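1. Sharing a model that was predicted from the sequence below.
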Amino acid sequence: MSENINNNKEPLFSYKNKKLLSNPIGKDNPITIQVLGICSILAVTVQLKPSLVLAISVVAVMGLANVIISLLRNTIPQRIRIIVQLTVIASLVIIVDQVLKAYMYDVSRQLSIFVGLIITNCIIMGRLEGFALYNKAWPSFLDGIGNAAGYGAILLAVAAVRELFGAGTLMNVQIIPDIFYRIGYENNGLFILPPMALITVGVIIWIHRSRDKELIDAS
Amino acid sequence: MKVIKNIRDKIRPHFYKGARFGRFRRAWEAFDTFLFVPEKTTTKGSHIRDAIDMKRTMVYVIIALIPPLLVGIWNTGYQYYQAVGIEPAIWESFAFGFMLILPIIIVSYLSGLATEFLFAVIHDKEVNEGFLVTGMLVVLILPATVPLWMVAVANIFAVIIGKEIFGGTGMNIVNPALLSRAFILFGYPAYLSGEVYTYTRLQEGHQLVDGYSGVTPLSLVAEGKMEALPSDFNMFLGNMPGVIGETSFAAIMLGGLFLAITGVASLRIIISVFAGGIFMAGLFNIIALNEYMMIPVHQHLLLGAFAFGAVYMATDPVTASQTPHGKYIYGFLIGVLTILIRVVNPGFPGGVMLAILMMNVFAPLIDHYVVQANIKRRMKRLRKAQINVKEKKP
């Protein structure tokens, strides 16, 4: 993943670059394979809408942060690189937070501290350290977008399951028809509680690995 | 018997590997070994065979569950007739309770066993016998009014998440029956708390008695209505609202006696759970900050599902501690936690389920430290012996 890509004539969407984008969504997913960034998955996935907003925020922050660090990579002193990275991420997160507060106040309140906590999202730091510091801007951008999308995909999947079974709605639109409730169906309160997010992520990991036998590690 | 064997011998080849129904051979084996000795024979070395295998063990537990089930069936009907102000004959109570509880038992077994068979056929392994007991335990820890589809959903959840993903019977970390109940308690809290314990969809011509409330004695205590409690004798016999199997202390002890004599359940655990409960209840009696803390110790043991949890749930050999010393610690902490959750936590009136689930998770840790302590003790003894030998040498 961290090999240098220094072929100048490489087309924008070469095979290698496409892999940078698609690998983290599937085979090298930051959540189901590397098990990073679990904390926010557990906390914000009660409803689909905040999860969607958070996923988009992470995509924006991660893509931009990767580009900025990649551009600065030759000037950042090795010993203070973590501080520089944190500063970049923090500034981007503050911008995202302010935009949310200005245009989507309700969602911003629902997400509360978790927008700020994007700073500490392990995936972002991991990609900056592992990829952007050694690669050019364009591959870094793709890598950032890809990893954030991989994170977002799982986030949305968990949120959809939890909102559907916990509240019978998706994006606040009622999905389960009234007739179900009339014949005795009930929303499951357990899906609102955090443990169910953990179990849902576990089930997704289970499905992912049973479809792709390469991912199973025997240890 | 001969006839059955002939029929079975004729059908069996269809279920061999590669035969027409070869894919379902695990399902066939499961039923086959109920009636006949397994086909597999040992080929190497000498083995000591015991008449008791896992199926037989499970059947013992089922036998031990019969007394609380019978009392539960009777009590379900009796509580209904109490609610409408009729003094029923014994068979009337039984008939009424039977009509309510039989569907729950059927749904519980069907849903759980279907899931187990599905996993066994897909993964081509033997069908585990564990659900024979789990299916009945689930019924006994639910109120008679629980909607049937909830039982099915909870069982499927418990079998998959509680058992199959860890590798099936014998590998599970928490008790599947309790997980099933926990699923309903947290998922559909309205159906497992408050006045759900008595069937109140009235039959024609029946009317609720004025001021009747079907809350359990535990809820009464939690609300501070000590004077409304049933008498100790009624609580001992099981004449009070509650989940199907928990009410009768006497019936549970009968089943517990059977389990202890046959050696299926660990007497260490049962005794230490009671010891823990008595200790904690006594401690609260001494602190005595509010009315709840002042309940006599013996009432704590009669109330709620304390006895049921101690005898049937805590002793589950898979999820309990395995080491003899560990069993004492494990049981004692279950008793302590149960009373603690009951008295201090206002959210849940009953604490047995949560206490046992919690200690299930801690059981391997307890075992680890018990084993480590034993190793340390013996190492010390060894060093002492070595020093002695050295001193004697010259």
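-> Perfect, I can see it now. Numbering: from 1, shown residues only, chains lettered A, B, ... in the order given.

2. Where is the longest helix in the chain?
-> By default, I'm working from chain A. In chain A, taking DSSP state H as the definition, the longest helix is helix A:137-167.

3. Oops, wrong one, chain B.
-> helix B:352-392.

4. just the strands in chain A please.
-> Ranges of strands within chain A are A:169-170, A:173-174, based on DSSP state E.

5. a markdown table please, covering those strands and showing mean pLDDT.
-> Formatted as a markdown table, these follow (pLDDT from 0 to 100):
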| stretch | mean pLDDT |
| --- | --- |
| strand A:169-170 | 89 |
| strand A:173-174 | 88 |
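
6. is it possible to export these to JSON lines including mean neighbour count?
-> C-beta coordinates here come from the backbone N, C-alpha and C atoms, glycine included. Listed next are the strands of chain A as JSON lines, based on neighbours: other CB atoms under 10 Å in any protein chain shown:
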{"stretch": "strand A:169-170", "mean neighbour count": "16"}
{"stretch": "strand A:173-174", "mean neighbour count": "9"}
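
7. taking the mean pLDDT, what do you get for stretch B:361-380?
-> Stretch B:361-380 shows a mean pLDDT of 95 in the predicted model.

8. what do you get for stretch A:189-208?
-> On average, stretch A:189-208 scores 90.

9. before we move on, what about stretch B:258-272?
-> 92.

10. For that stretch, which outside residues touch it?
-> Outside stretch B:258-272, the residues within contact range by CB atoms under 8 Å, 6 or more residues apart in numbering or on different chains are B:57, B:60-61, B:63-64, B:256, B:310-312, B:314-315, B:317, B:320, B:324, B:327-332, B:335.

11. How about the contacts made by the most centrally placed residue in chain A?
-> Compute the mean C-alpha point of chain A, and by CA atoms, centre = their mean the closest residue is A:Tyr151, 2.7 Å away. Contacts of A:Tyr151 were listed using CB under 8 Å, 6+ apart, and they are A:30-31, A:37, A:55, A:58, A:123.

12. how about a cut-off of 7 Å?
-> A:30-31, A:37, A:58, A:123 (CB atoms under 7 Å, 6 or more residues apart in numbering or on different chains).

13. Identify each buried residue in the strand or helix carrying B:Ala114, please.
-> Applying DSSP states H and E as the criterion places B:Ala114 in helix B:90-123. Residues B:92-94, B:96-97, B:100-101, B:104-105, B:107-109, B:111-113, B:115-117, B:119-120 are the ones in helix B:90-123 that count as buried (16 or more other CB atoms under 10 Å in any protein chain shown).

14. Quickly note the distance from the most far-flung residue of chain A relative to its centre to A:Leu128.
-> In chain A, the residue that sits farthest from the middle, by CA atoms, centre = their mean, is A:Ile183; the gap is 38.5 Å. Separation of A:Ile183 from A:Leu128 (CB to CB, to the nearest Å) stands at 53 Å.

15. Put the buried members of the contacts of stretch B:258-272 into a PyMOL selection.
-> To isolate the buried members of these in PyMOL, using 16+ other CB under 10 Å:
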select buried, chain B and resi 57+60+61+64+256+310+311+312+314+315+320+327+328+329+330+331+332+335
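
16. Okay, helices next: where are they in chain A?
-> Along chain A, the stretches classed as helices by DSSP H are A:15-22, A:38-44, A:48-72, A:81-103, A:105-111, A:113-116, A:122-130, A:137-167, A:178-182, A:194-211.

17. Looking at the ones you listed, which is nearest to B:Ala30?
-> Proximity to B:Ala30 (CB to CB) singles out helix A:194-211 among those, at 23.8 Å.
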